[in-house]
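J.: Here's a sequence, model it:
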Amino acid sequence: MDGNDQTCPKCKTTKYRNPAMILMVNACGHALCESCVELIFAKGSAACPECKCALRRQNFRIQLFEDPAVDKEVDIRKRILKEFNKRQEDFSTLREYNDYLEEVENIIFNLVFDVDSTNTNKMIDNYKKENKDITMKNRNRQSQEEIELEELLEAEKAQQSEKANSYVNAELEEKKQKHKAREKLIDELMFSDADAKSIVASHVQATAALAKEQPKAAAQAGGPVVKSSKFSSGIQIGLRQNTSSFLPIPKQQDLPLFHYSAPVFDYNGPSPPAIEVLGKLKYFANIRAANATERAGGYTEALSCCRALQEAMGGLFYIPQSGHKTAVAASAEETDDMETA
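T.: Next up is the predicted model:
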């Protein structure tokens, strides 16, 4: 369904006519535009215009999906899983845990499609009373895990920030060392009595030694060499692999370069005149000249004339099988025989 086809069932306003229209849904799953919600539910509670279900203004939320039924299912699923939060370790066997999950899905299905809603709500109330302690325990455990996850993410973020700062500091130090070395070289060339070549050679050696020391300093500062650790999802990070995952580039064969050679036409007949000399031989005398439109497309009267001559002369000496004589040669031999006779 196109997003422009979304319509408010109350005022019949469409997304196409009013692009700024915002649809909102409630527990029943029927959508209303924001203006109708403010108008109908001005006192806080009212009945749904479609299903006449009692609704409250504070329970309306913005519709996220084009189909309001999807928003209804998402909301119900969040609400049910908040209460039915048992884990596999809460059951003695895997079979019991799978039956529990299937029961939860049946409850969600009944609430979404309004199947035996009364008994389903009673079942939910009984479950809340019987499993209140386990539900609170799992909620606290879940909140504790979320806190630990946030702490782990903050630690990873701080570690990445520290590494980035170490990189920046290493680059600044490298620039300072290069600047000092350059100034030292200039001063020695200006004020020293030594040979310029020896000064430059010593400068090159000092620069090479400094380049060898920089990776060690970077490694001590926590630079390129990163200790292996794990993300919160358990994925290994920071492992530098020397092997590349890309496939090797296939080796190209040394083939000879392309050399153009003019095509050879075997007409099996008299060779027609070349297209360049047709005008000199006055072949165009009885042919209609090409107009401006035809010439714009690349057509000239020489093309049609050359093509007609090729078709007329081609195949006059056609040889169906190798070893047979041409028709002209055969007729010439017959004439010679008749004259001899």
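J.: what's A46 sitting at in phi/psi?
T.: phi -170, psi 180 (degrees, to the nearest 10).
J.: Just give the nearest non-adjacent residue to it, would you?
T.: Once flanking residues are discounted, A46 sits nearest to I40: 5.1 Å by Cβ to Cβ, 6 or more residues apart in numbering. Quick note: C-beta positions are derived from backbone N, CA and C, even for glycine.
J.: swap in T7?
T.: Excluding its sequence neighbours, the residue lying closest to T7 (Cβ to Cβ, 6+ apart) is T14, at 4.9 Å.
J.: Over to K82?
T.: The spatial neighbour of K82 that comes closest, neighbours along the chain excluded (Cβ to Cβ, 6+ apart), is R139 at 8.0 Å.
J.: try D75
T.: A27 (7.0 Å).
J.: Who are the contact partners of the one you found?
T.: A27 sits next to C53, L55, N59, K72, D75 when contact means Cβ atoms under 8 Å, 6 or more residues apart in numbering.
J.: If you count contacts, what does the strand or helix carrying K82 end up packed against?
T.: Taking DSSP states H and E as the criterion, K82 maps to helix 68-83. For helix 68-83, the packing partners by 3 or more Cβ pairs under 8 Å, 6 or more residues apart in numbering; DSSP states H and E come out as strand 23-25, helix 94-112, helix 117-130.
J.: List of residues touching that helix?
T.: 23, 25, 27-31, 61, 63-65, 104, 107-108, 111-112, 124, 127-128, 135, 139.
J.: how about a markdown table for the contacts of A27, with neighbour count, distance to N268 and pLDDT added?
T.: Shown next, in a markdown table, are the contacts of A27 (neighbours: other Cβ atoms under 10 Å; distance: Cβ to Cβ, whole Å; pLDDT from 0 to 100):
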| residue | neighbour count | distance to N268 | pLDDT |
| --- | --- | --- | --- |
| C53 | 13 | 91 | 84 |
| L55 | 23 | 92 | 85 |
| N59 | 14 | 91 | 81 |
| K72 | 22 | 81 | 85 |
| D75 | 19 | 84 | 86 |
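J.: which of these lies closest to C306?
T.: Of all these, C306 sits closest to K72, with 76.7 Å by Cβ to Cβ.
J.: sorry, back to before: now the contacts of helix 68-83: which count as buried?
T.: For these, a burial check counting by 16 or more other Cβ atoms under 10 Å picks out 23, 25, 27-31, 63, 104, 107-108, 111-112, 127, 135.
J.: Would you map the helices across this structure?
T.: Counting by DSSP state H, the chain has helices at residues 34-40, 68-83, 94-112, 117-130, 132-191, 196-220, 292-296, 301-313, 327-340.
J.: Which among the ones you listed is found nearest to V277?
T.: helix 301-313 (10.0 Å).
J.: List the buried residues for that closest one?
T.: Using 16+ other Cβ under 10 Å as the test for burial, helix 301-313 gives E301, A302, C305, C306, L309, M313.
J.: and what of stretch 64-83?
T.: Applying 16+ other Cβ under 10 Å to stretch 64-83 flags P68, D71, K72, E73, D75, I76, R77, I80, E83 as buried.
J.: pLDDT score assigned to S232?
T.: We have a pLDDT of 46 for S232.
J.: what do you get for P273?
T.: Value for P273, per-residue pLDDT: 87.
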